[in-house]
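Novice: Next comes the sequence, and after it the predicted model I'd like to discuss.
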Amino acid sequence: MQDPNADTEWNDILRRKGILPPKEKPVEEEEDEEHVSQQQSVVKTYEDMTLDELEENEDEFNDEDERAIEMYRQQRLAEWKAKQIKNAFGELVEISGQDYVQEVNKAGEGIWVVLHLYKTGIPLCTLINQHLTELARKFPQTKFLKSISTTCIPNYPDRNLPTIFVYLEGDMRAQFIGPLLFGGMNLKIEELEWKLSEAGAVKTDLEENPRKQIEDKLMSSIRCSLPTRKDIDSDED
């Protein structure tokens, strides 16, 4: 009698006709399918976890579990990166008063906004716009905006320019008003970066306030130029 499980063309024809039952699966193949099913079950259990949750539960995974959920780990990471790219701005954008609500108040969850009120013809405003253009490229997760002062706030006094407002989710977190707060035309981009980092708008890699370094050098220079007691005694002689 012919073996119904034999791999023959005749048996294949009989199986298609329903005369022979389906071919029995080898034990190894059944074990493989069971293993895949277990993996799918594990994946389904953890597929809704965030990256942080996957890290927290990592000790509960064995080698097979780890392989099974790795694709979801990579998927979550890809989604996170895509979100970061979506939130990247990277340039200083001009807005009008009509854009204020949309661009500032509705900037989005966790989005810091730096708004510079300026006027053309004021050198310090021009300098700050140049610095902010560079900082917008360096910190693309922060939204950098500029607006002509009276366009954004009617009758805003020129004596208050330049003005920088810092917002988080529509709430003002810091304000820098007037030329004295910026140190005049000697303002360095690092100093402005430090001010924004203290407000929370950017995460700087600067280790200390650049203004302090300048002040320390200035005081050191003054001390060096002052006459010593020896010089005073020599003059008296």
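Specialist: Nice, thanks for sending it over.

Novice: got the domain boundaries for this structure?
Specialist: 9-85, 92-212 (automatic domain parsing).

Novice: got the residue ranges for the helices in the chain?
Specialist: 9-17, 27-46, 51-56, 63-86, 100, 123-138, 149-152, 189-199, 210-225, 229-236 (DSSP state H).

Novice: which stretches of this structure aren't confidently modelled?
Specialist: 1-5, 20, 23-69, 80-87, 212-237 (pLDDT under 70).

Novice: How about the contacts made by T126?
Specialist: By CB atoms under 8 Å, 6 or more residues apart in numbering, the contact set of T126 is Y118, T120. Heads up, the C-betas are built off the backbone N, CA and C, glycines and all.

Novice: and E103, how far is that from F182?
Specialist: Relative to F182, E103 is positioned 23 Å away (CB to CB, to the nearest Å).

Novice: neighbour-wise, which of the two wins?
Specialist: Ranked by neighbour count (other CB atoms under 10 Å), E103 and F182 place F182 first, with 22 against 18.

Novice: any idea how far that one is from G108?
Specialist: Using CB to CB, one gets 28 Å for the distance from F182 to G108.

Novice: E103 reaches I95, doesn't it?
Specialist: Yes. Contact criterion CB atoms under 8 Å: E103 and I95 qualify, at 5.1 Å.

Novice: returning to what we had before: just the domains of the chain: most buried one?
Specialist: Highest mean neighbour count among the domains of the chain (mean count of other CB atoms under 10 Å): domain 92-212, with a mean of 16.

Novice: What sits closest to A107 if chain neighbours are left out?
Specialist: Once flanking residues are discounted, A107 sits nearest to V113: 5.0 Å by CB to CB, 6 or more residues apart in numbering.

Novice: Assess the claim that that neighbour and V101 are in contact.
Specialist: No. Taking contacts as CB under 8 Å, V113 lies outside contact range of V101: 12.0 Å.

Novice: related to what we said a few turns ago, overlap in contacts, E103 and I95.
Specialist: Going by CB under 8 Å, 6+ apart, residues that sit against E103 and also against I95 are L145.

Novice: can you pull the contacts of the closest residue to T150 other than its chain neighbours?
Specialist: Closest residue to T150 apart from its sequence neighbours, by CB to CB, 6+ apart: Y156 at 5.5 Å. For Y156, the contacting residues are L117, S149, T150, T163, by CB under 8 Å, 6+ apart.

Novice: how about N129, what does it touch?
Specialist: Residues near N129 by CB under 8 Å, 6+ apart: L92, H116, Y118, K146.

Novice: Would you format those residues as TSV with distance to C125 included?
Specialist: What follows is the contacts of N129, written out as TSV (distance: CB to CB, whole Å):
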residue	distance to C125
L92	12
H116	8
Y118	4
K146	9
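
Novice: Which of those sits closest to N209?
Specialist: Minimum distance to N209 across the contacts of N129 is 20.7 Å, recorded for H116 (CB to CB).

Novice: Excluding covalently adjacent residues, which one is nearest to the closest one?
Specialist: Nearest in space to H116, with sequence neighbours left out and distances taken as CB to CB, 6+ apart, is K146 at 4.4 Å.

Novice: OK, contacts around the one you found?
Specialist: L92, V93, E94, I95, L115, H116, L117, Y118, N129, L132.

Novice: can you redo those residues as JSON lines with distance to K188?
Specialist: Shown next, in JSON lines, are the contacts of K146 (distance: CB to CB, whole Å):
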{"residue": "L92", "distance to K188": "18"}
{"residue": "V93", "distance to K188": "23"}
{"residue": "E94", "distance to K188": "24"}
{"residue": "I95", "distance to K188": "26"}
{"residue": "L115", "distance to K188": "21"}
{"residue": "H116", "distance to K188": "16"}
{"residue": "L117", "distance to K188": "21"}
{"residue": "Y118", "distance to K188": "18"}
{"residue": "N129", "distance to K188": "15"}
{"residue": "L132", "distance to K188": "13"}
